[in-house]
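Undergrad: No sequence on hand, only this structure:
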């Protein structure tokens, strides 16, 4: 048994809203607001990731891998569906300031649910900023900035992301 993974007993003590089977979370993961975190089956969360759900809800489906040093800011809500790979160092924010707009001398907020649909891959060190949907089968290249909805079965990359081409799905 891997000594760096939280035991089933410890996982149950954390107080998740829901917890499925085959959950592998590193002891070095920081979890804030466990009562707002819903976990499906077959999930792995690697070292030094942070899930901050104190002011929002996150739902993680089944067969999901979250690479190390990933951050989730869940104030506007995050939904991760099934068969998703989020590479190391990614940041997902469902609440952010919009520095292009100012309201009464204060930055405006961009707040909204981030949805990561089925069979999505997000490359290393990418950033996803709230109120956007990464549709089924979309893929994001490393070091990308996602601030809009992504089309189904398509490859994107860049800052901000741009459409590269349709993905070839082999069945």
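TA: That came in fine, so what should we check first? Everything numeric here is computed off the predicted structure, so don't read it as measured data.

Undergrad: CA atoms for contacts and neighbours, from now on please.
TA: OK.

Undergrad: how about residue 80, what does it touch?
TA: Residues near residue 80 by CA atoms under 8 Å, 6 or more residues apart in numbering: 58-61, 115-118.

Undergrad: May I have the beta-bridge partners of residue 121?
TA: Note on residue 121: beta-bridge partners residue 85, residue 139, judged by DSSP bridges.

Undergrad: That one contacts residue 138, correct?
TA: Yes - at 6.8 Å, residue 121 and residue 138 qualify as touching, with contact defined as CA atoms under 8 Å.

Undergrad: isn't there a helix covering residue 13?
TA: Yes - using DSSP: H, G, I helix; E, B strand; the rest coil, the assignment for residue 13 is a helix.

Undergrad: And the helices in this structure?
TA: Here the chain has its helices, by DSSP state H, at 8-14.

Undergrad: so where's it uncertain?
TA: Along the chain, segments meeting pLDDT under 70 span 1-2, 97-110.

Undergrad: returning to what we had before: and the furthest pair within the contacts of residue 80?
TA: Greatest spatial distance in these: 58 and 118, 15.4 Å, computed using CA to CA.

Undergrad: Compare neighbour counts for these two and give me the winner.
TA: Higher neighbour count among residue 58 and residue 118: residue 58, with 28 against 22, using other CA atoms under 10 Å.

Undergrad: Okay, and the beta partners of the more buried one?
TA: With DSSP bridges as the rule, residue 58 is bridged to residue 37, residue 78.

Undergrad: does it really touch residue 74, like I thought?
TA: Yes - counting by CA under 8 Å, residue 74 is a contact partner of residue 58 at 6.3 Å.
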